[in-house]
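Asks: Need a 3D model of the sequence below.
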Amino acid sequence: MTNVQSQIDTVFSQQERNQFGTNRYAFLFKPGKYALDVQVGFYTQVIGLGKSPDDVAITGAVRSKARWMRGNATCNFWRSAENLSVTPTLDQHTNVWAVSQGTALRRVHVRGDLNLWDGGWSSGGFIADSRIDGQINSGTQQQWFSRNTRFGRWTGGVWNMVFVGTINPPTGTWPDSPYTVVDKTPLIREKPYLFIERGGHYFVMVPELKTDGTQGVTWSGHTAPGTALPLARFYLAHPETDNAVSINAALQSGKNLLLTPGIYHLTSSLHVSRPDTVVLGLGYPTLVPDDGTPAMEISDVDGVKVGGILFDASASNSATLLQIGEPGCSAPHESDPLFFYDIFCRVGGASLGTATCMVTVNSHDVVGDNFWLWRADHGRGVGWNSNKNATGLTVNGDNVTFYGLFVEHCQAYQTVWNGNGGRVYFYQSEMPYDPPSQDAWRHGDVNGYASYKVADTVTTHEAWGLGVYCVFHSAPVIADNAIETPTALGIRMHHLVAVRLGGRRGGGISHVINGTGSPISPTRRATADPPAGGLK
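Replies: Residues are numbered from 1 along each chain as shown. The predicted structure follows:
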């Protein structure tokens, strides 16, 4: 344990403040019992290698603190823990997971209490397929998304807390209580995960598809049903030796792909064209399209599963960083949907980057599970005329579902939805901080851009628990609406909130949705809960 603790401490001392650094790490724990304080910094993933989270039992902590910002966790990005159990003995026997976007807790069993803050502000996070035996305290978390999780008890809430398929969620009536509760998760396949058998052989477990509505964790019977793929069916990519040519050759030969930690500079797109291909990243592997291509293109085929990747724009503009399906594709995938987990995109921050859009979904029947699409508001290469990025997410396909969608600071619409049958469970978005003037942030006779835009041609769409926030630092600009949708009978929007967090006096949002809802230029917060068919 002394040697293991020393390695963990060495990495954490390097990564605690390393917000835009180049190092990437994954800690993989074989099944067994450990007495450790696992502090998790930037670009660090902590993974248990058991078939069940309880196969890796850590006594002490697996924690994310915010001491480097004096308790403020609003920049605790890009870190995760998966497939392990922790019995907290530090911080008053409470495991602290004070994080914001770009993070995940998956298949985690906390044998005690869990705090989602560290005494200061915190701003968003994601937990799925996990069990918290004691109390989970959200503290200052402005928003949080929980899916298929069991709590002993939940306490706390600020503006936008969404629970889907969760056992023992908090009670209360929205908006007096900021809770949106959806009883069951309608469609899900949990994220594939690495495990090791007693003989030392590694496998990737692909959990089974669930289409009949689920609640709680998949591993209550110790192991979760699924298909185990031997590691021999994967190509193990390494950033110091691999490039787009070698990785594409492996994919074309029929291999799945395991990306080890590091930064991959690509001179052409990675192409995933075989049905049911699994692409799994360990330790926040980062794909950079140096020549302005998409970093990854997914063909319009059944059952592709991609998880755990950071897409980072380069100075050469990309039309999109991740393309799912070719433009105009139309094949149905209802029986074997495409799934994407823990997908994080960044334009600027680490260096100058530009991208017209971050993620473009052309295929039908796609599921996104925890996306953070971020035009950087701080770091290197940041400015209204520097890290240019119009849109975070464009959805052209039908029957596309998102669980936990975070899109921030893009210069036009944050999210554009053109397909029918879309469903979004939790949306968190900040408008851009830096429009230099109202003239620079206007289209036609409309002030600003709505964060969430459902196209006028869409007839069916439903979303739960949307929060749109504004902080206009550079000029007192106005957005006419936080959300814009058609008023067709098939459009249903539940539990909407718009909040002005600060910025220049006179700036804000005039309406929550479609010209309705109080303005938040002089005030701080407004809510709306329109009936089916838009607002009346």
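Asks: Isn't A455 up against N420?
Replies: No: A455 is beyond contact range of N420, at 9.8 Å (criterion: CB atoms under 8 Å). The way it works is simple: take the backbone N, C-alpha and C, and place the C-beta from them, glycine included.
Asks: Buried ones in stretch 353-367, by neighbour count?
Replies: For stretch 353-367, the neighbour count (16 or more other CB atoms under 10 Å) marks 353-367 as buried.
Asks: ok so W68 is a helix residue?
Replies: Yes: counting by DSSP: H, G, I helix; E, B strand; the rest coil, W68 falls inside a helix.
Asks: Give the next helix or strand downstream of the longest helix anywhere in the chain.
Replies: When the chain is parsed with DSSP state H, its longest helix is helix 2-15. Proceeding N to C from helix 2-15, the next assigned helix or strand is strand 25-29, under DSSP states H and E.
Asks: So in that sheet, which strands flank that following strand, and in what orientation?
Replies: Strand pairing for strand 25-29, using DSSP bridges, gives strand 44-48 (parallel).
Asks: Could you check the angle the partner strand makes with helix 2-15?
Replies: 150 degrees (axes from the mean of the first three to the mean of the last three CA atoms, to 10 degrees).
Asks: now what about strand 44-48, what contacts it?
Replies: 11-12, 15, 24-29, 31, 38, 40, 55-56, 62, 79-85, 107, 193-194, 261, 282-284, 308 (CB atoms under 8 Å, 6 or more residues apart in numbering).
Asks: Can you flag which of the residues you listed belong to strands?
Replies: In this view, the contacts of strand 44-48 that belong to strands under DSSP state E are 25-29, 38, 56, 62, 79-85, 107, 193-194, 308.
Asks: any idea how far L496 is from I509?
Replies: Distance of I509 to L496, computed by CB to CB, to the nearest Å: 11 Å.
Asks: Now for those two: what residues contact both?
Replies: Joint contacts of I509 and L496 (CB under 8 Å, 6+ apart) are V468, A482.
Asks: what secondary structure does C75 sit in?
Replies: coil.
Asks: per-residue confidence at it?
Replies: C75 carries a pLDDT value of 98.
Asks: Does it touch Q19 like I think?
Replies: Yes: in this structure, C75 is within contact of Q19 by CB under 8 Å, at 6.4 Å.
Asks: Would you mind listing the buried residues in the longest helix of the chain?
Replies: For helix 2-15, burial by neighbour count (16+ other CB under 10 Å) applies to I8, V11, F12, Q15.
Asks: roughly how far is it from the heart of the chain?
Replies: Relative to its chain's centre, helix 2-15 lies at 27 Å (CA atoms, centre = their mean, to the nearest Å).
Asks: Likewise for stretch 497-507?
Replies: 24 Å.
Asks: Next up, the contacts around the residue nearest to S299 when sequence neighbours are not counted.
Replies: Excluding the flanking residues, the one nearest S299 by CB to CB, 6 or more residues apart in numbering is S273, at 4.1 Å. S273 sits next to L251, Q252, S299, V301 when contact means CB under 8 Å, 6+ apart.
Asks: Can you read off the pLDDT for S273?
Replies: With respect to pLDDT, S273 has a value of 98.
Asks: so how far is W68 from it?
Replies: Using CB to CB, we find S273 at a distance of 43 Å from W68.
Asks: do the same with A249
Replies: 42 Å.
Asks: The two: who's more crowded?
Replies: Set A249 next to W68 and count neighbours by other CB atoms under 10 Å: W68 wins out with 16 against 12.
Asks: Buried residues, whichever helix or strand V499 is part of. List them.
Replies: Take DSSP H and E as the rule and V499 turns out to sit in strand 490-503. Neighbour-count burial for strand 490-503, counted by 16+ other CB under 10 Å, picks out I491, R492, M493, H494, H495, L496, V497, A498, V499, R500, G503.
Asks: got the contact list for the following helix or strand past it?
Replies: Next along the chain after strand 490-503, taking DSSP H and E as the criterion, comes strand 508-513. For strand 508-513, the surrounding residues in contact (CB under 8 Å, 6+ apart) are 431, 447-448, 468, 470, 472, 478-485, 493, 496-498, 500, 517-522, 526-528, 530, 535.
Asks: Pull the most distant pair out of the buried residues of strand 490-503.
Replies: Greatest spacing in the buried residues of strand 490-503, by CB to CB: R492 and G503 (31.4 Å).
Asks: Give me the secondary structure label for I247.
Replies: Of the three states, I247 takes helix according to three-state DSSP.
Asks: For L266, see how far away it is.
Replies: Per CB to CB, I247 is found 8 Å from L266.
Asks: V304 too?
Replies: 18 Å.
Asks: between those two, who's got more neighbours?
Replies: More crowded of V304 and L266, by other CB under 10 Å: V304, with 26 against 22.
Asks: so that one touches I298, yeah?
Replies: Yes: the pair formed by V304 and I298 meets the contact definition of CB under 8 Å, at 5.5 Å.
Asks: any residues in contact with both of the two?
Replies: Common neighbours of V304 and I298, counting by CB under 8 Å, 6+ apart, are V272, L338.
Asks: Need the nearest residue in space to K388, chain neighbours excluded.
Replies: Closest residue to K388 in three dimensions, ignoring its sequence neighbours and counting by CB to CB, 6+ apart: T354, at 4.7 Å.
Asks: meant to ask about R150
Replies: Once flanking residues are discounted, R150 sits nearest to I167: 4.2 Å by CB to CB, 6+ apart.
Asks: Return the distance of the one you found relative to F406.
Replies: For I167, the distance to F406 equals 24 Å [CB to CB].
Asks: Comparing these two, which shows the higher neighbour count?
Replies: F406 (28 against 14).
Asks: Does that one lie in a helix or a strand, and which?
Replies: Per DSSP H and E: F406 is located in strand 401-408.
Asks: quick one: strands adjacent to that strand?
Replies: Strand pairing for strand 401-408, using DSSP bridges, gives strand 366-375 (parallel), strand 422-430 (parallel).
Asks: buried ones in the helix or strand that the longest one is followed by?
Replies: Put plainly, it is strand 366-375. Next along the chain after strand 366-375, taking DSSP H and E as the criterion, comes strand 391-395. Going by neighbour count (16+ other CB under 10 Å), the buried part of strand 391-395 is T391, G392, L393, T394, V395.
Asks: just stretch 119-127 next, same as before
Replies: For stretch 119-127, the neighbour count (16+ other CB under 10 Å) marks G119, W121, S122, S123, G124, G125, F126, I127 as buried.
Asks: any idea of the mean pLDDT in it?
Replies: The average pLDDT within stretch 119-127 is 96.
Asks: Same check on stretch 51-64?
Replies: Stretch 51-64 comes out with an average pLDDT of 98.
Asks: Can you point out the buried residues in it?
Replies: Under 16+ other CB under 10 Å, the buried positions of stretch 51-64 are 51-58, 60-64.
Asks: what pairs with the helix or strand where L310 lies, and is each one parallel or antiparallel?
Replies: Here L310 is covered by strand 305-312, with elements defined by DSSP H and E. If you go by DSSP bridges, strand 305-312 pairs up with strand 278-281 (parallel), strand 286-289 (parallel), strand 338-347 (parallel).
Asks: Within the sheet, what are the partner strands of whatever helix or strand comes next after the longest one, with directions?
Replies: Meaning strand 338-347. Next in sequence after strand 338-347, counting helices and strands by DSSP H and E, comes strand 355-361. When pairing is defined by DSSP bridges, strand 355-361 lines up against strand 318-324 (parallel), strand 391-395 (parallel).
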